[in-house]
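Peer 1: Okay, structure incoming, though there's no sequence with it:
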């Protein structure tokens, strides 16, 4: 699913109007009808409704919703933010229709016209929507602050007013919605945690925009879909043997961090790896073998064996950043020329040796969380900048970046895929080690690096979601995710 810019979203409206054909006012009516239907079913209409409108098409949506609710017998007051402009044609048409059935239409011309709001009022925000391209100031900002301070339930139409679709709105005045009723597709801004406090629960409502537009347009950002993941998974034919599914070398673990190696090993084995060899300190071998006897071992003390015999290498989980760890990473980057996975402490070592970035083999997958990303690639002001930086880096370097978060980004060659599986139970130590094991296993099975990363991130989140059948987000452990990988594979394969 493409993540469209604000400009593309407006182009989609125009495309639909021309292709269907349908008038813009009738398309606005569709949007108002689906929003009104949702509000009617919500159970929130026990007290009066106050609808706040700008003079653009988002305001036109609000006026149409007001009319439809009044026709259903509800008490609705409309407040139009007056800033001199006449308003769009569709706004004016809906205002004329509303004047025929309501006298509760008010204009906010200055601060003293901002109405009193009761905590029991239901508020509908139709001030700006997706048309905003600058921070709110003056009277608009005062109104937003007043609404946010009211304690009332707030429903935003399309996008909470004050929030930009395409760029960061961090620190700007934004409506704090309980629900956001958006149209047709998920918006890019809803995938960033800096906006989560303002969007509330996001619902995407269909309004019949022509799907032909999506076939004729493109975006560097998209949302990973289940069918895409299914196509990414390797097949397991009846006469296969372990050699068909790759030999992974996992360089992980150190004193006090053996668990990272164990969790990455378990995830690799549960994801279908044919053979697994783990390089770790001799003192940690018993702990590994007591949990996963299927794993083979290289003792850290004897150094690395022939790296060329492995299908792929994953390095970093619990590795530490001492001189031995540095030597291991340097040796791998000098000797190995196929895609590998670089995670955790290996990324922290790269911070000290940034020239080694040029030694990373093409197709390799780097898996930083935001703080690791900023340490390695420079401090970013906000999440939107961090995404853009990841896309830029993958245009400059031939590696893939898996930028971990609630909606993990997989960036490759200047394009990005956001993941939508997973839950807050993954916000625990060990989750990244599990992800590394899954990515490395799919790489070892000769999937293309991008497909391996996309599928692994999706499966990792899906396994965490399925684990909530028996766990809560509070009780979920990284090892529970490993235990549910089989269910995740079953779910994807149907």
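Peer 2: That came in fine, so what should we check first? Small disclaimer: the values here were computed from a predicted structure and weren't measured.
Peer 1: for stretch 203-223, the distance to its chain's centre please.
Peer 2: 17 Å (C-alpha atoms, centre = their mean, to the nearest Å).
Peer 1: now what about that stretch, what contacts it?
Peer 2: 1-5, 8, 11-13, 15-16, 19-20, 27, 30-31, 34-35, 38, 179-186, 188, 191, 387, 391, 414-418, 420 (C-beta atoms under 8 Å, 6 or more residues apart in numbering). The way it works is simple: take the backbone N, C-alpha and C, and place the C-beta from them, glycine included.
Peer 1: try 6 Å this time
Peer 2: Counting by C-beta atoms under 6 Å, 6 or more residues apart in numbering, stretch 203-223 makes contact with 1-4, 12, 15-16, 19, 30-31, 34, 181-184, 186, 415-418, 420, all of which sit outside it.
Peer 1: Write the PyMOL selection for whichever of those are buried.
Peer 2: Written as a PyMOL command, the selection of buried residues from those, which uses 16 or more other C-beta atoms under 10 Å, is:
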select buried, resi 1+2+3+4+12+15+16+30+31+34+181+182+183+184+186+415+416+417+418+420
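Peer 1: Might you specify the subset of the contacts of stretch 203-223 located within helices?
Peer 2: Counting by DSSP state H, the contacts of stretch 203-223 place 12, 15-16, 19, 30-31, 34 in helices.
Peer 1: out of the residues you listed, who's nearest residue 227?
Peer 2: Nearest to residue 227, judged by C-beta to C-beta, of these is residue 12 at 22.0 Å.
Peer 1: Please name the residues that touch that closest one.
Peer 2: Residue 12 touches 209, 213, counting by C-beta under 6 Å, 6+ apart.
Peer 1: State the distance from it to residue 278.
Peer 2: 50 Å (C-beta to C-beta, to the nearest Å).
Peer 1: Farthest pair within the ones in helices among the contacts of stretch 203-223?
Peer 2: 19 and 34 (20.0 Å).
Peer 1: low-confidence ranges in the stretch 151-300 of the chain?
Peer 2: Applying pLDDT under 70 to the stretch 151-300 of the chain flags no residue at all.
Peer 1: Read off the pLDDT value for the spatially most central residue of the chain.
Peer 2: By C-alpha atoms, centre = their mean, the chain has its centre lying nearest to residue 407, at 2.4 Å. We have a pLDDT of 98 for residue 407.
Peer 1: Kindly provide the distance from the closest residue to it other than its chain neighbours to residue 417.
Peer 2: Spatial nearest neighbour of residue 407, chain neighbours left out: residue 191 (4.3 Å); criterion: C-beta to C-beta, 6 or more residues apart in numbering. For residue 191, the distance to residue 417 equals 11 Å [C-beta to C-beta].
Peer 1: before we move on, back to that, now the residue nearest to the centre of the chain: how far from residue 476?
Peer 2: Taking C-beta to C-beta as the measure, residue 407 falls 18 Å from residue 476.
Peer 1: ok, residue 297 touching residue 287?
Peer 2: No. Using C-beta atoms under 6 Å, residue 297 is not in contact with residue 287; the gap is 11.2 Å.
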